[in-house]
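Enquirer: quick one: sequence and predicted model below, then my questions.
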Amino acid sequence: MEKWASNKAWFLVLPVFVIVAFSAILPLMTVVNYSVQDIFGPGQSVFVGTEFFKQVLADSRLHEALLRQFLFSALVLLIEIPLGVLIALAMPRKGVWVSACLVTLALPLLIPWNVIGTIWIIFTRPDIGLLGSTINHLGLAFDHTASPMDAWVTVMLMEVWHWTPLVVLLAYAGLRSIPEAYYQAAKIDGASSWAIFRYIQLPKMRGVLTIAVLLRFMDSFLIYAEPFVLTGGGPGNATTFLSIYLVKIALGQFDLGPAAAFSIIYFLIILLFSFIFYQALQNVGKGGRS
Amino acid sequence: MARIELNNIAHSYLHNPKSEADYALKRIHYEWEDGGAYALLGPSGCGKTTLLNIISGLLIPSEGKVLFDGREMTQLPPEKRNIAQVFQFPVLYDTMSVFDNLAFPLRNRRVPAKEVTRRVQEVAEILELTPFLKYKAAGMTADAKQKISLGRGLVRSDVAAILFDEPLTVIDPHLKWLLRRKLKEIHDQLKLTLIYVTHDQVEAMTFAEKVMVMYEGELVQIGTPQELFETPQHKFVGYFIGSPGMNFLNCTLDGNVARVDGAGIRLADETAALGAKAKGKLELGIRPMYLEVQTRKTEGAVPAQVRLVEDQGAYKIITLEMAGAILRAKLGEDKPVPEKEAWLGFPREKIRLFADERLIR
């Protein structure tokens, strides 16, 4: 075809190909390699087919971790998205307080993830932690190292504190981009504040909320550092999420084959759910004749 | 129906306005007749939108009163006033159908469902939106969207006035014309008071019975298009209305002759008499189409140099330099066009005299 005359253009996109290949495709292929072969050392490997996959899929501890993971991500989305939107709606629209709010909100996002875990360990310690000792002084026994329920509450609190600001910032940006005329027209049309939210603000936030849901789903489904530091997956296996379990298999037991098979399944689950969320959010409210 | 009255309205967006310059609107005092079609014309930032928002209640003025049919409305919120407003960009509720969009203002006011359907169908009929009622509003074309915005105003049976804030900005030129005609039709049919903000003088002139020209927060002139053209009350009106705008020359009076840098222009006796009494900087104004351009030296005409001739089809616009000032003249296609030198005649009855930018006569 004549279009090939402009072959030089390929050189311009080549760097991107190289970066993507080294950062995504090659590591992924390595994982695929490990998942279908039992590798003992350089040049010593046996092709095992789907054996590792079968082994992983039959692992009841993995089933538990997967359920835990779904519960965790569901709670994260159900709490953080509405809470984030609520805070964004309550934030001032102009004046000096805007910057103050934005900076305060952004702070948790700027802290390294393992530091977040450390902060919450101290914060929730029953003996000296501000939160932990306060609750205990109120007469409620609280110890996230002993009670699975307390561990979950702590992890959820930490997660909500850490990541809701991201949803707020996205929702706030979406709200700010709505032209003033929409609010003026709604006032003249006699719309209630609920109607303004339902028919103007929410539809106009569709784009940013799609991103918020996708990011929060993916990140929460992959969560590792904060609970690892805070609870180490315990007490027992109460807060052992998929990634924590995966690291246990891969590095704890050095079962690289099953870990690789598990990684691929993990990846496919995230891909599938991200796709479902994206499709659902793109089409919600768009149904009907047009 | 309503007579809209603005009683010494002034507005500043600052909390503590100190000087005149802090006011976006200065001393507006006017009454809009019931059922009239008005255009509010002026450059960007002259206070048109501020004035409109005060009438619709989106803004509460710093000073003055707003009255509808003699009833005080100044502090009432927009939904309590029988006013609709159409904005520069179409405002739609994207997730709703065209029908629901039109029904929205009625449903918010708890109008019974039967009545809602009846009103929506009526308005859709007027706006030629009936075939699209079931469509999603988001998928409509820009002009249809603007019609829906207008329809949300028309659908309320209590609406007495509709305010338009440059509603045709985003519409294609050929559709602009259609939509403007539709507006006139609606006005004739429903006898609503229409106030139409624009910075496009052609739009203002074709749409309205009366054009109000705003400049720096003031209503500088209110009149028919003819009046604005012939007797601009303010230098700005002369300059803003007409294409090209009025020519202005600094002048001094010498009996009944206006001296413009040495050249003398004979004025009508009355004009000269009023000019002699006036204080401030005197300026002489004349419309380009009234300048008489001669190719030969004529009695009483002032010599000028031709700088540029632009052919606009039916007429030519000639830029001339006369006594150190630049003038523009509009010349019909049958008139002889001077090449280098020209002599300009100033018809006495067409000369306007301004003192400190305001018309004397």
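Expert: Thanks, I have it.
Enquirer: and the residue nearest the centre of chain B?
Expert: residue B:41 (2.1 Å; Cα atoms, centre = their mean).
Enquirer: who's in contact with that residue?
Expert: B:48, B:198-199, B:201, B:204, B:211-214, B:240-241 (Cβ atoms under 8 Å, 6 or more residues apart in numbering or on different chains). Quick note: C-beta positions are derived from backbone N, CA and C, even for glycine.
Enquirer: go with 7 Å
Expert: B:198-199, B:201, B:204, B:211-213 (Cβ atoms under 7 Å, 6 or more residues apart in numbering or on different chains).
Enquirer: just the ones of these in helices?
Expert: Of those, the ones assigned to helices by DSSP state H are B:201, B:204.
Enquirer: looking at the contacts of residue B:41, spot the one nearest residue B:302.
Expert: Among the contacts of residue B:41, residue B:201 lies closest to residue B:302 (Cβ to Cβ), at 29.1 Å.
Enquirer: let me know the pLDDT of the nearest residue to that closest one once chain neighbours are set aside.
Expert: Among residues not flanking residue B:201 along the chain, residue B:241 sits closest, at 5.7 Å (Cβ to Cβ, 6 or more residues apart in numbering or on different chains). Note for residue B:241: predicted pLDDT of 86.
Enquirer: check residue B:351 too.
Expert: 89.
Enquirer: kindly report the same for residue A:286.
Expert: 59.
Enquirer: my guess is residue A:94 is in a strand, correct?
Expert: No. With DSSP: H, G, I helix; E, B strand; the rest coil as the criterion, residue A:94 is located in coil rather than a strand.
Enquirer: and it, how many neighbours?
Expert: Applying other Cβ atoms under 10 Å in any protein chain shown, we find 7 residues neighbouring residue A:94.
Enquirer: ranges for the helices of the stretch 201-350 of chain B?
Expert: B:201-207, B:225-230, B:235-240, B:269-277 (DSSP state H, counting those that start in this stretch).
Enquirer: which of these sits most buried?
Expert: Most buried of these, by mean neighbour count (mean count of other Cβ atoms under 10 Å in any protein chain shown): helix B:235-240, with a mean of 23.
Enquirer: C-alpha coordinates for it, PDB please?
Expert: Provided in PDB are the C-alpha atoms of helix B:235-240 (Å, rounded to 0.1, in the frame of the first residue of the first chain):
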ATOM      1  CA  LYS B 235     -20.500  58.700  20.800                       C
ATOM      2  CA  PHE B 236     -20.300  55.000  21.500                       C
ATOM      3  CA  VAL B 237     -23.700  54.400  19.900                       C
ATOM      4  CA  GLY B 238     -22.600  56.200  16.800                       C
ATOM      5  CA  TYR B 239     -19.400  54.200  16.700                       C
ATOM      6  CA  PHE B 240     -21.100  50.800  17.600                       C
END
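Enquirer: how about the stretch 201-350 of chain B: which residue is closest to chain A?
Expert: As assessed by Cβ to the nearest Cβ, chain A sits closest to residue B:203 within the stretch 201-350 of chain B, at 19.6 Å.
Enquirer: how near is that residue to residue B:39?
Expert: 7 Å (Cβ to Cβ, to the nearest Å).
Enquirer: then residue A:262?
Expert: Taking Cβ to Cβ, one finds residue A:262 at 72 Å from residue B:39.
Enquirer: and stretch B:37-54, how far apart are its ends?
Expert: Taking Cα to Cα, to the nearest Å, the span from the opening residue of stretch B:37-54 to its closing residue is 18 Å.
Enquirer: would you reformat the contacts of residue B:41 as TSV and include pLDDT?
Expert: Below are the contacts of residue B:41 laid out as TSV (pLDDT from 0 to 100):
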residue	pLDDT
B:198	85
B:199	80
B:201	80
B:204	83
B:211	90
B:212	89
B:213	89
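Enquirer: Throw the contacts of residue B:41 into CSV and include distance to residue A:239, thanks.
Expert: Converted to CSV, the contacts of residue B:41 look like this (distance: Cβ to Cβ, whole Å):
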residue, distance to residue A:239
B:198, 65
B:199, 64
B:201, 71
B:204, 70
B:211, 73
B:212, 71
B:213, 72
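Enquirer: show me where pLDDT drops low in chain B?
Expert: Where chain B drops to pLDDT under 70, the residues are B:1.
Enquirer: contacting residues around the residue of the stretch 201-350 of chain B closest to chain A?
Expert: Contacts for residue B:203 (Cβ under 7 Å, 6+ apart) come out as B:168, B:180.
Enquirer: what about the residue lying closest to residue A:242 once chain neighbours are set aside, how many residues nearby?
Expert: What sits nearest to residue A:242 in space, not counting adjacent residues and going by Cβ to Cβ, 6+ apart, is residue A:69, at 4.6 Å. Counted with other Cβ under 10 Å, the neighbours of residue A:69 add up to 22.
Enquirer: what sits against residue A:69?
Expert: A:221, A:241-242.
Enquirer: pLDDT of stretch A:244-261, averaged?
Expert: Rounded mean pLDDT across stretch A:244-261 is 85.
Enquirer: ok, residues contacting it?
Expert: Stretch A:244-261 is contacted by residues A:31, A:34-35, A:38-39, A:52-53, A:55-56, A:61-62, A:65, A:224, A:227-228, A:233, A:262-263, A:266 when judged by Cβ under 7 Å, 6+ apart.
Enquirer: mark which of those residues are buried, thanks.
Expert: A:31, A:34-35, A:52-53, A:55-56, A:62, A:65, A:227-228, A:233, A:262-263, A:266 (16 or more other Cβ atoms under 10 Å in any protein chain shown).
Enquirer: and which of the residues you listed is nearest to chain B?
Expert: Scanning the buried ones among the contacts of stretch A:244-261 for proximity to chain B, where the rule is Cβ to the nearest Cβ, the winner is residue A:266, at 35.7 Å.
Enquirer: tell me how far the lengthiest helix in chain B lies from the chain's centre.
Expert: What stands out as the longest helix in chain B, according to DSSP H, is helix B:173-190. Helix B:173-190 sits 17 Å away from the centroid of its parent chain (Cα atoms, centre = their mean, to the nearest Å).
Enquirer: same for it, what does it pack against?
Expert: helix B:142-154, helix B:201-207 (3 or more Cβ pairs under 7 Å, 6 or more residues apart in numbering or on different chains; DSSP states H and E).
Enquirer: isn't residue A:133 right up against residue A:126?
Expert: Yes. Residue A:133 lies in contact with residue A:126 (Cβ atoms under 7 Å); the separation is 6.3 Å.
Enquirer: so for these two, which residue has more residues nearby?
Expert: Higher neighbour count among residue A:133 and residue A:126: residue A:126, with 18 against 15, using other Cβ under 10 Å.
Enquirer: what helix or strand does that one sit in?
Expert: Secondary structure from DSSP states H and E places residue A:126 outside every helix and strand.
Enquirer: for it, phi and psi?
Expert: Main-chain dihedrals, residue A:126, degrees, to the nearest 10: phi -60, psi -30.
Enquirer: what residues does it make contact with?
Expert: A:132-133, A:136, A:142-143.
Enquirer: can you verify the residue nearest to residue A:242 is assigned to a helix?
Expert: Yes. Applying three-state DSSP, one finds residue A:69 inside a helix.
Enquirer: where is the longest strand in chain B?
Expert: strand B:302-311 (DSSP state E).
Enquirer: and that one, which residues are buried?
Expert: Those buried within strand B:302-311 under the rule 16+ other Cβ under 10 Å are B:302, B:304, B:306.
Enquirer: pull the residues that contact it.
Expert: Residues contacting strand B:302-311 (Cβ under 7 Å, 6+ apart): B:263, B:265, B:316-323, B:327, B:337-344.
Enquirer: CA atoms only for that strand, dumped as PDB, please.
Expert: Extracted in PDB, the C-alpha atoms of strand B:302-311 (Å, rounded to 0.1, in the frame of the first residue of the first chain):
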ATOM      1  CA  VAL B 302     -13.000  69.900   2.200                       C
ATOM      2  CA  PRO B 303     -10.000  68.400   0.300                       C
ATOM      3  CA  ALA B 304      -8.900  64.900   1.400                       C
ATOM      4  CA  GLN B 305      -6.500  62.200   0.400                       C
ATOM      5  CA  VAL B 306      -7.700  58.700  -0.600                       C
ATOM      6  CA  ARG B 307      -5.900  56.100   1.500                       C
ATOM      7  CA  LEU B 308      -7.800  52.900   0.700                       C
ATOM      8  CA  VAL B 309     -10.800  51.700  -1.400                       C
ATOM      9  CA  GLU B 310     -12.500  48.500  -0.300                       C
ATOM     10  CA  ASP B 311     -15.100  47.000  -2.700                       C
END
